[in-house]
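[1] Sharing a sequence plus its predicted fold:
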Protein chains: 2
Amino acid sequence: MKAIVNIYLKEGVLDTQGKATHHALDSLGFDSVSDVRIGKQIILEVDTKDKAEAEEQIKDMAETLLANTVIEDYTIEIV
Amino acid sequence: MKAIVNIYLKEGVLDTQGKATHHALDSLGFDSVSDVRIGKQIILEVDTKDKAEAEEQIKDMAETLLANTVIEDYTIEIV
């Protein structure tokens, strides 16, 4: 079973990577861009048949290791 | 208009970040995971009304700056 975990900085946390990319896009003449935010996308292959069980396990992984929940939010999508 | 650009290492390129995360998950007892791949997700806010035009612009940005097309693939999603 394949799962996608998207990890983002929480609202209000300064996204320096996004700001730098926005600035670089501006410098290159892409002035139609008004905001850039950059996150991580983690794709996991989990050997579980049960969707609910997989979701539970991946939530556990996200809380324990994948995301820094002090400054980051995450979403889990089972595909 | 909001656009999501997902950027991944091409098949065959060693994903060291993914391998390290996989190893860390194993060490923590999450042994049901068989593969981990890590990519970037860039969320852009573009001031364009036309979807096709936005897609064209973002493709240009991805090729020029966002992705390293030697080792990375990308997908564009307009939402």
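    Thanks, I have the structure now.
[2] for chain B, what are the nearby residues on chain A?
    Residues of chain A lying near chain B by C-beta under 8 Å from any C-beta of the partner chain: A:6, A:18, A:21, A:24-25, A:28, A:30, A:32-48, A:57, A:60-61, A:64-66. For the C-beta atoms, the positions are set from N, CA and C on the backbone; glycine is no exception.
[3] who does the longest strand anywhere in chain A pair up with?
    Ranked by residue count and defined by DSSP state E, the top strand of chain A is strand A:33-46. Here strand A:33-46 has these sheet partners by DSSP bridges: strand A:2-9 (antiparallel), strand B:33-46 (antiparallel).
[4] Report the inter-axis angle for the next helix-or-strand element following that strand versus strand A:2-9.
    Stepping forward along the backbone from strand A:33-46, the first helix or strand reached (DSSP states H and E) is helix A:51-61. With axes from the mean of the first three to the mean of the last three C-alpha atoms, to 10 degrees as the basis, helix A:51-61 and strand A:2-9 are set at 40 degrees to each other.
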